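S.K.: mind looking at a prediction? Sequence and model below.
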Amino acid sequence: MKIEGCTAIVTGGNRGIGLGFVEELLDHGAARVYVGARKRADAEDVAKTDPARIVPVELDVTRPDQVAAAADKARDVTLVVNNAGAFEMQRLYGTDDPDAARREMEVNYFGVLSMSRAFAPVIAANGGGGIINVLSAGGIVAVPDMGGYSPSKFAARAASDCLRAELAPLGVGVTALIVGSVDTRMAAHVKVKKSQPRDIGKAGLWAIANGVAEHDTDPHSIAVRAHLARDPHGLAKSMAEFQQMPMAKMWAEDEVQAFIGDVMEMAMEGIDQGMEEMRAMHEAGMMPISPDTLRFTRLETKKLIKFI
């Protein structure tokens, strides 16, 4: 679909990734952007930045009446960005808030489904368009201690696949975004290098414009996908084993997160620096084989040895 001249609605569009999408849509020439927020005042604050093109909408995706009202109001929409999300930071077992997982599922899965059902006929009536579902790396790898969040994103990813097939005859495309660490309030506890919200918005618009079914939006999600390809259950297993170590049990949750983040960041920086140095040597003629080729060959050889 074409982004320039489109009319979009963004759930949770008042901050974080949602606001990043709003800003990118405006920069890409969208004719109108409906900004959905649970508190109308929050959406109105965003509308002040471009009152000619931004329309504030009070929208809680867990409330069917507000979803229906939004679909009735925004009859010109051709693009839906299902960005609103909930993350309760609770375990599935041993949690002090058993209802947290249900709340996450209501927003992250049923909210996506409700918005898609309400707006698919609107988009179709306007000649076709698309739906972007903002998911998570926690939706392709089950992450211990992410309680209902990870399962809810798995569910939303499966729903994206189903909706893509069901809505294709209506001319409605569906793109699922696999998002890693982004500099937002929801990811404040994650202590790794983060992408910016507008980077995710830009990646998402590119993906839907080019008909991409599922897109890894940032270095973190790409790295998670690579780990997943090598060992589908290894990452979750390693995290679970770490949590059983005496050191992890002694630390508070934020200390554990900080430690994991520091280790991941040092590893990524070390790999990146080493690869850059070897690429420079290769370009200068001091290294006959590309380091990217060497790394690929090493990984494939390790997989072959493991298989044998």
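M.R.: Everything's here; your move. Residues are numbered from 1 along each chain as shown.

S.K.: please, where are all the helices along this protein?
M.R.: With DSSP state H as the criterion, the chain has helices at 16-27, 40-47, 64-73, 100-105, 111-125, 149-167, 197-209, 219-230, 234-243, 246-250, 253-283, 291-307.

S.K.: what residues are up against the residue nearest to residue 174 when sequence neighbours are not counted?
M.R.: Nearest residue to residue 174, sequence neighbours excluded (CB to CB, 6 or more residues apart in numbering): residue 164, at 4.0 Å. C-beta: built from backbone N, CA, C; applies to glycine. Contacts for residue 164 (CB atoms under 8 Å, 6 or more residues apart in numbering) come out as 173, 174, 213.

S.K.: which of these count as buried?
M.R.: Taking 16 or more other CB atoms under 10 Å as the criterion, what is buried in those is 173, 174.

S.K.: ok, the contacts of residue 164 vs residue 153, which is closest?
M.R.: residue 174 (15.3 Å; CB to CB).

S.K.: coming back round to it: redo the contacts of residue 164 as a markdown table? Include distance to residue 40 and pLDDT.
M.R.: Output for these, formatted as a markdown table (distance: CB to CB, whole Å; pLDDT from 0 to 100):
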| residue | distance to residue 40 | pLDDT |
| --- | --- | --- |
| 173 | 30 | 98 |
| 174 | 28 | 98 |
| 213 | 34 | 97 |
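
S.K.: reformat the contacts of residue 164 into a markdown table and put distance to residue 97 next to each item.
M.R.: Formatted as a markdown table, the contacts of residue 164 follow (distance: CB to CB, whole Å):
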| residue | distance to residue 97 |
| --- | --- |
| 173 | 37 |
| 174 | 32 |
| 213 | 35 |
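
S.K.: quick one: which of the contacts of residue 164 is nearest residue 147?
M.R.: The closest of those to residue 147 turns out to be residue 174 (CB to CB; 26.2 Å).

S.K.: I'd say the closest one and residue 162 touch.
M.R.: No. In this structure, residue 174 is not within contact of residue 162 by CB atoms under 8 Å, at 9.0 Å.

S.K.: between the contacts of residue 164, which is nearest residue 105?
M.R.: In terms of CB to CB, no member of those lies closer to residue 105 than residue 174, at 19.5 Å.

S.K.: quick one, what contacts the closest one?
M.R.: 116, 130, 131, 133, 160, 163, 164, 167, 213.

S.K.: touching, residue 68 and residue 119? I think so.
M.R.: No. Here residue 68 does not reach residue 119: they are 10.5 Å apart, not a contact under CB under 8 Å.

S.K.: who has more neighbours, these two?
M.R.: The neighbour comparison of residue 68 against residue 119 (other CB atoms under 10 Å) goes to residue 119, with 23 against 13.

S.K.: which residue, neighbours along the chain excluded, lies closest to the more buried one?
M.R.: residue 80 (4.8 Å).

S.K.: do residue 34 as well
M.R.: Nearest to residue 34 is residue 9, by CB to CB, 6+ apart, at 4.0 Å.

S.K.: I figured that neighbour hits residue 54, correct?
M.R.: No. Residue 9 is beyond contact range of residue 54, at 11.0 Å (criterion: CB under 8 Å).

S.K.: shared neighbours, these two?
M.R.: 33, 34.

S.K.: the two: who's more crowded?
M.R.: Neighbour count, other CB under 10 Å: between residue 9 and residue 54, residue 9 has more, with 27 against 23.

S.K.: now do the contacts for the more buried one.
M.R.: 33, 34, 36, 57, 70, 74, 77, 79, 80, 81, 119.

S.K.: beta partners for it?
M.R.: Residues in a beta bridge with residue 9, per DSSP bridges, are residue 34, residue 80.

S.K.: hang on, the earlier thing: per-residue pLDDT of the residue nearest to residue 119, please?
M.R.: pLDDT, residue 80: 98.
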